[in-house]
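Undergrad: Okay, here's the prediction I keep looking at, along with the sequence it came from:
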Amino acid sequence: MSTYTSRGAKKSNTPAVLAILGASLLIAIVVSVLRPALAGPGPRPLFQLPVACGEVWQLGTYPGHDDFDVDMFPTEGEAWGRPVYASFGGEVIESGINGSLGGRTPDRPDGPLGRGGGYWVKIDHGGDWTTQYLHMLEPPMVAVGDEVTQGQQLGKVGSTGRSGAPHLHYEQRRDGDKVETWFDGVPSGITHDDAEYTVTHTSDNCPKL
Ligand SMILES: [Zn+2]
């Protein structure tokens with residue numbers, strides 16, 4: 001009788017142990033899946049202006065553009081063909097044509113207007129931070145999947161897509177949403193498109209020694 005009793009006890013315990021193990025496994029899986037989402041975006045990368053070290057550029061927005069979108073024009077020299085650099089290292093996740101190119105070139109600056117961003121690049125910097133670079137003159141110099149370093153050239157300033165004049169349209173996004181652009185750890189001051197306004201900044205996108 002005692003053998004029967006102990007065997008009976010074992011039978012009733014085994015499903016309970018399995019249930020506890022199963023529940024623990026389920027909790028572990030749910031936590032591992034949710035943790036990255038619950039953690040939220042990482043700290044802001046130390047972005048630099050996406051243009052050559054030492055150059056002074058005008059940054060601005062205007063009504064109908066968007067609060068945090070930045071249009072950049074050099075304060076000296078031609079905009080056409082100026083190098084566009086990664087403002088921080090990361091992985092290229094978009095590279096190609098956004099919308100349509102149109103026909104605005106240095107030889108025909110008032111050629112047909114395109115749609116959207118024209119030649120563009122988007123970089124994933126990790127921690128849910130991305131940057132994007134629009135209206136470039138020629139096909140980007142980087143491809144989707146490329147790892148780029150801060151200061152690596154992505155392309156040249158142009159006027160492809162929906163662009164009134166040659167310039168670089170630049171955005172910083174956190175968790176997919178546009179945020180105020182910061183450069184070298186300092187907020188740019190471009191925060192609303194209620195009225196047209198501009199600021200000037202000097203690029204510190206310089207080779208790191
Ligand atoms: Zn723009």
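TA: Noted; the coordinates are in hand.
Undergrad: So which residues on the protein come close to the ion?
TA: Residues of the chain lying near the ion by CB under 5 Å from the ion: 71, 169. The way it works is simple: take the backbone N, C-alpha and C, and place the C-beta from them, glycine included.
Undergrad: Please repeat the previous calculation with a cut-off of 8 Å.
TA: 61, 65-66, 69-71, 134-135, 163, 167, 169 (CB under 8 Å from the ion).
Undergrad: Skipping adjacent residues, who's closest to the spatially most central residue of the chain in space?
TA: The residue lying closest to the centre of the chain (CA atoms, centre = their mean) is Thr130, at 1.7 Å. With sequence-adjacent residues excluded and distances taken as CB to CB, 6 or more residues apart in numbering, Thr130 is closest to Arg173, at 4.7 Å.
Undergrad: Phe68 now?
TA: Spatial nearest neighbour of Phe68, chain neighbours left out: Lys178 (4.3 Å); criterion: CB to CB, 6+ apart.
Undergrad: The residue nearest to the centre of the chain falls within a helix, correct?
TA: No: per DSSP: H, G, I helix; E, B strand; the rest coil, Thr130 lies outside any helix segment and is strand.
Undergrad: circling back: so the residue nearest to Phe68 touches Asp66, yeah?
TA: Yes: using CB atoms under 8 Å, Lys178 makes contact with Asp66 at a distance of 6.5 Å.
Undergrad: What ranges does this structure have for its helices?
TA: Taking DSSP state H, the helices of the chain run over residues 2-39.
Undergrad: In it, which residue sits nearest the ion?
TA: Nearest residue of the chain to the ion: His169, at 3.3 Å (CB to the ion).
Undergrad: how close does the closest residue to that residue other than its chain neighbours sit to Asp67?
TA: Excluding its sequence neighbours, the residue lying closest to His169 (CB to CB, 6+ apart) is Leu134, at 3.9 Å. Distance of Leu134 to Asp67, given as CB to CB, to the nearest Å: 16 Å.
Undergrad: And the two? Which one has more around it.
TA: Applying other CB atoms under 10 Å to Leu134 and Asp67 shows that Leu134 carries more neighbours, namely 26 against 13.
Undergrad: about what we covered before: list the contacts for the residue nearest to the centre of the chain?
TA: Neighbouring residues of Thr130 by CB atoms under 8 Å, 6 or more residues apart in numbering: 90, 93, 122-124, 172-173, 176.
Undergrad: now the residues of the chain next to the ion as TSV including distance to Thr149?
TA: As requested, those are exported to TSV (distance: CB to CB, whole Å):
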residue	distance to Thr149
Thr61	28
His65	30
Asp66	28
Asp69	25
Val70	22
Asp71	25
Leu134	21
His135	23
Ser163	27
His167	24
His169	22
